[in-house]
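Trainee: sequence and predicted structure, then a few things I'm wondering about:
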Amino acid sequence: MPGTSASTPRPELARYIDHTLLKPDASEADVLRICAEAVAHNFKSVCVNPIWVKTVHNALKGSGVLTCSVIGFPLGATPTDVKTYEARGAVLDGADEIDMVINIAAARALDRGALVEDISAVAEEVHIGDSILKVIIETFLLTDDEKRLACEAAVEAGADFVKTSTGFNGGGATVQDVSLMRAAVGPGLGVKASGGIRTLADARAMIDAGATRIGASAGIAIIREETDGTAADPVTDDSHRAGSY
Ligand SMILES: O=C[C@H](O)COP(=O)(O)O
């Protein structure tokens, strides 16, 4: 169950983390390195662009770490049938989880019907097997009313999670947005906070606000801070910088 309940004990922090590498120029060696890191730290998943799904799926076999692919990324501005085709390919390549970007223009126009149509087509495709669908609403570009509408559309369309941000279109996750999204979807869906989460304090604040998953390219720094109290230097450590801000 991707949602949350007050009576459910929290898993260890590593099991919240989707270890993320979405840089367009990532190499196979980079991808294999984050797979090895994810296995070593028992992260929840490795999240990559679709061209790397097969590589990740093979590298993670038998580890208990899931394979996650972004779809319609990072703009969400491709037609629904293209997103559906892309999602089908990723699932066939071994993706357990699909993170799709919504039609952001439809959210801005408060067009609930178009949002539901776009998301439900991808959800149907993803749910043919056991994979799950996360819906990236790109909070930075939306008003609060638009964020709520996008969350409600995700619930209606049968998504499993709502997710704050791509990390590529401006600002990332905020505590306020995670709270708003948790309230909008209720306890039945997961909420993934992503974009700009760099420290242990960032991650804990998101979980306290209702996040059940953390998407971050700084997962190693976050876990290092949890285990030995060593915080990464935000000025000199740019290893996490997958997004464009
Ligand atoms: O989907 C996840 C984000 O792209 C991660 O963003 P980040 O590089 O700011 O952690």
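Mentor: Happy to help now that I have it. Numbers count the residues shown, from 1 in each chain.
Trainee: need phi/psi at the closest residue to Ser179 other than its chain neighbours.
Mentor: The shortest distance from Ser179 to any non-neighbouring residue, by Cβ to Cβ, 6 or more residues apart in numbering, is to Ala209 (4.7 Å). C-beta: built from backbone N, CA, C; applies to glycine. The phi and psi torsions at Ala209 (degrees, to the nearest 10) take the values phi -80, psi -10.
Trainee: tell me how many other residues surround Ala209.
Mentor: Neighbour count of Ala209, defined by other Cβ atoms under 10 Å: 19.
Trainee: now do Thr227
Mentor: By other Cβ under 10 Å, 12 other residues sit near Thr227.
Trainee: please, which helix or strand holds it?
Mentor: Using DSSP states H and E, Thr227 maps to helix 219-228.
Trainee: what about the strands in the chain?
Mentor: Ranges of strands in the chain, per DSSP state E, are 17-21, 45-48, 66-71, 97-101, 132-136, 161-163, 190-194, 213-216.
Trainee: tell me which residue of this structure lies closest to the ligand.
Mentor: Going by Cβ to the nearest ligand atom, the ligand is nearest to Gly167 of the chain, at 2.8 Å.
Trainee: residues near that residue, how many?
Mentor: 29.
Trainee: surely it and Asp18 touch.
Mentor: No. Applying Cβ atoms under 8 Å as the test, Gly167 and Asp18 come out as separate, 11.5 Å apart.
Trainee: I figured Glu28 hits Val56, correct?
Mentor: No. Under the criterion of Cβ under 8 Å, Glu28 makes no contact with Val56, lying 10.5 Å away.
Trainee: can you list the residues of this protein near the ligand?
Mentor: Contact residues, the chain versus the ligand (Cβ under 6 Å from any ligand atom): 20, 22, 166-167, 172, 194-197, 215-218, 240, 242-243.
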